[in-house]
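J.: here is a sequence with its predicted model. Questions after.
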There are 2 protein chains.
Amino acid sequence: MSRFLLKIAYDGTAYHGWQVQPNGITVQAVLCDALFNMCKSKISVTGCSRTDAGVHANEFFCHFDTNLDIPETAFVKGLNAILPDDISVLSCNGVSDDFHARYSAKGKNYLYRFYDGKTENPFYRRYALSVQNKLNVDLMNEYCSRMVGTHDFSGFSSSKRTVTDTVRTISECKVYRDGDFVVLSVTADGFLYNMVRIIAGTALQVSLGKINPLDTEKIIQSKNRDMAGATLLPHGLYLNKVIY
Amino acid sequence: MSRFLLKIAYDGTAYHGWQVQPNGITVQAVLCDALFNMCKSKISVTGCSRTDAGVHANEFFCHFDTNLDIPETAFVKGLNAILPDDISVLSCNGVSDDFHARYSAKGKNYLYRFYDGKTENPFYRRYALSVQNKLNVDLMNEYCSRMVGTHDFSGFSSSKRTVTDTVRTISECKVYRDGDFVVLSVTADGFLYNMVRIIAGTALQVSLGKINPLDTEKIIQSKNRDMAGATLLPHGLYLNKVIY
């Protein structure tokens, strides 16, 4: 058996997230079907994380094991020929048997994209959250810089979370403007359920003047979900980098 | 009766072009439905051009007449609330009765976008033509500069065209790189059927070394469709500006 690591990217608009589920098409299911079509044998694929319905990935890793003697580049070309337009295989590499797409990951970087252009733009509706007023990047960064560090982030997590350890280390959290887009970038050793969408929702409240960035530590320490901002819609969220 | 000019933008992926037709949903039909929903009266809309299935518009104009006393800004807000995510109204302005979205247009600017990044990108598949090899912008511009001028462009038009006058004036034709995108921009007083997609297809052949840019005049003068490049796929094409 050889283990392969696939790097893929996908537009999550049409999918119910990564993980196979009974209702709705998922990226994992479509990728498994493509592998079956290509290899004529059932191959199970393990992803680096679950992503929610509608969330995008600039970079997502998954591994699989096979006895088939297929070159790495053939997986890239073969799968891209079969996969729909909204999922692309970027690379395929042989890895050791103890490498695990999820457990070997040391950290992840997510982006949340806002669009604050003056006019509606039909091309960005599925790829960024449209907001009415120009965002205040400086104010948002006042808040973001205070999110960096090792904390119990239970107040920045959905109550639907299943983990008990809610301490995570955020190594980077910043906001930058890119034309009519404002991008929040956050890197951590791991993320709780809905954590990035709540961090971004709180940043939006800060920009609107409804949360004072100087209260960031207080909000974290409260461990109270109601103190942070709303969970923003999934279509602005991108898994951007996985650190191994 | 008052005449209003709407400026809209749309992602053409889901539409069979602008013009109402029996088979397939069109932008015109969806816009007319939205006007009917808003105004509770049937209002017909005249567009600045027909666009083909899958073609996008960063800017498209259409006019309509109504007796209803509705402020211009209310049309923008009301229609955007009704329209699907892939069509946006950018502005609405009252115009004189003799203004015509199509016949008053003095010229148009189209863009054709290529993507020549090293890896596949699922986010650009519907918005740019993916090409395998890096494009040669300098060589493409050698060709584009020779397309400028007043010529009979019948060799750069589909045989399905219905017009008899095939002379057009191209005032600008250039190519520029924008990261992993290469954009061909062409402005003329009017365009023949499929003209921009054939101009872009010829530019692609020039980049690939299959057409010599010094032969551009010869190709134009031949008036022979077979001398020019292939008609490229519609999803890279954008109506970008309309000049009134």
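T.: Thanks, I have it.

J.: going forward, measure contacts and count neighbours with C-alpha atoms only.
T.: Noted.

J.: how about stretch A:169-184 as CSV, C-alpha atoms only?
T.: In CSV, the C-alpha atoms belonging to stretch A:169-184 read as follows (Å, rounded to 0.1, in the frame of the first residue of the first chain):
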residue,chain,number,x,y,z
THR,A,169,-3.3,29.4,19.8
ILE,A,170,-3.8,32.1,17.2
SER,A,171,-0.4,33.0,15.8
GLU,A,172,-1.7,35.6,13.3
CYS,A,173,-4.8,37.7,13.0
LYS,A,174,-5.0,40.7,10.7
VAL,A,175,-7.1,42.6,8.2
TYR,A,176,-6.1,44.1,4.9
ARG,A,177,-7.8,46.0,2.1
ASP,A,178,-7.6,44.7,-1.5
GLY,A,179,-9.5,47.2,-3.6
ASP,A,180,-13.2,46.9,-2.8
PHE,A,181,-12.5,43.8,-0.7
VAL,A,182,-11.4,43.6,2.9
VAL,A,183,-9.8,40.3,3.9
LEU,A,184,-9.5,39.0,7.5
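
J.: what residues does that stretch touch?
T.: A:111-117, A:128, A:135, A:137, A:140-141, A:144-145, A:147-151, A:185-190, A:200 (C-alpha atoms under 8 Å, 6 or more residues apart in numbering or on different chains).

J.: remind me which residues of chain A are low pLDDT?
T.: Residue ranges of chain A with pLDDT under 70: none are present.

J.: OK, contacts around the closest residue to A:Gln132 other than its chain neighbours?
T.: Using C-alpha to C-alpha, 6 or more residues apart in numbering or on different chains and skipping the chain neighbours, the partner closest in space to A:Gln132 is A:Asp116 (6.4 Å). By C-alpha under 8 Å, 6+ apart, the contact set of A:Asp116 is A:Ser130, A:Val131, A:Gln132, A:Asn133, A:Lys134, A:Leu135, A:Asp180, A:Phe181, A:Val182.

J.: residues of chain A that sit close to chain B?
T.: A:9-11, A:85-90, A:119-123, A:125 (C-alpha under 8 Å from any C-alpha of the partner chain).

J.: again, only using 6 Å
T.: A:Tyr10, A:Asp11, A:Asp85, A:Asp86, A:Ile87, A:Ser88, A:Leu90, A:Thr119, A:Glu120, A:Pro122, A:Phe123 (C-alpha under 6 Å from any C-alpha of the partner chain).

J.: give the contact list for the first one.
T.: Right, the one you point to is A:Tyr10. Contacts for A:Tyr10 (C-alpha atoms under 6 Å, 6 or more residues apart in numbering or on different chains) come out as A:His56, A:Ala57, A:Asp86, A:Ile87, B:Pro122.

J.: over to it: give its phi and psi.
T.: phi -150, psi 150 (degrees, to the nearest 10).

J.: need the contact list for A:Val95.
T.: A:Arg3, A:Phe4.

J.: what's the answer for A:Gly149, then?
T.: So A:Gly149 contacts A:Thr169, A:Ile170 (C-alpha under 6 Å, 6+ apart).

J.: from chain B, how far off is it?
T.: 33 Å (C-alpha to the nearest C-alpha, to the nearest Å).

J.: what do you get for A:Gln28?
T.: 16 Å.

J.: helix/strand/coil for that residue?
T.: Put simply, A:Gln28 is helix when judged by DSSP: H, G, I helix; E, B strand; the rest coil.

J.: look at it and say how many residues are nearby.
T.: For A:Gln28, the tally of surrounding residues (other C-alpha atoms under 10 Å in any protein chain shown) stands at 22.

J.: so it makes contact with A:Gln21?
T.: No: judged on C-alpha atoms under 6 Å, A:Gln28 makes no contact with A:Gln21 at a distance of 9.4 Å.

J.: now do the strands in chain A.
T.: For chain A, strands defined by DSSP state E occupy the ranges A:2-10, A:45-47, A:56-66, A:87-95, A:107-115, A:129-130, A:149-152, A:167-178, A:181-188, A:237-243.

J.: distance of the residue lying closest to A:Ser145 once chain neighbours are set aside from chain B?
T.: Excluding the flanking residues, the one nearest A:Ser145 by C-alpha to C-alpha, 6+ apart is A:Cys173, at 6.2 Å. Using C-alpha to the nearest C-alpha, A:Cys173 is found at 25 Å from chain B.

J.: partners of A:Cys173 in the sheet?
T.: Assessed by DSSP bridges, A:Cys173 has beta-bridge partners A:Val186.

J.: how near is it to A:Lys108?
T.: 12 Å (C-alpha to C-alpha, to the nearest Å).

J.: okay, now A:Leu237: neighbour count?
T.: 28.

J.: check A:Ile243 too.
T.: Counted with other C-alpha under 10 Å, the neighbours of A:Ile243 add up to 12.

J.: same check, this time on A:Ile219
T.: Burial measure for A:Ile219: 19 neighbouring residues, criterion other C-alpha under 10 Å.

J.: just A:Pro22 next, same as before
T.: Around A:Pro22 there are 6 residues (other C-alpha under 10 Å).

J.: cool, the one 10 residues further on as well?
T.: A count of nearby residues for A:Cys32, using other C-alpha under 10 Å, gives 17.

J.: what does A:Asn133 give?
T.: Neighbours around A:Asn133, by other C-alpha under 10 Å: 12.

J.: same deal with A:Val163?
T.: 8.

J.: kindly report the same for the one 3 residues further on.
T.: Taking other C-alpha under 10 Å as the criterion, the count of residues near A:Thr166 is 19.

J.: for the one 3 residues further on, same thing?
T.: Look at A:Thr169: counted by other C-alpha under 10 Å, it has 18 neighbours.

J.: again with the one 3 residues further on
T.: Summarising burial for A:Glu172: neighbours were counted as other C-alpha under 10 Å, giving 15.

J.: A:Lys134 now?
T.: Counted with other C-alpha under 10 Å, the neighbours of A:Lys134 add up to 16.

J.: swap in A:Lys40?
T.: 10.

J.: how near is it to chain B?
T.: Relative to chain B, and taking C-alpha to the nearest C-alpha, A:Lys40 is found at 24 Å.

J.: can you check A:Asp33 too?
T.: A:Asp33 sits 18 Å away from chain B, going by C-alpha to the nearest C-alpha.

J.: what do you get for A:Ala29?
T.: 17 Å.

J.: which residues touch that residue?
T.: So A:Ala29 contacts A:Val20 (C-alpha under 6 Å, 6+ apart).

J.: got a list of what A:Met1 touches?
T.: A:Thr66, A:Asn67.

J.: just the one 10 residues further on next, same as before
T.: Counting by C-alpha under 6 Å, 6+ apart, A:Asp11 touches A:His56, A:Asp86, B:Pro122, B:Phe123.

J.: pretty sure the third one contacts A:Leu83?
T.: The reference is to B:Pro122. No: using C-alpha under 6 Å, B:Pro122 is not in contact with A:Leu83; the gap is 10.4 Å.

J.: who has more neighbours out of those two?
T.: Taking neighbours as other C-alpha under 10 Å, B:Pro122 and A:Leu83 compare with B:Pro122 leading, 22 against 16.
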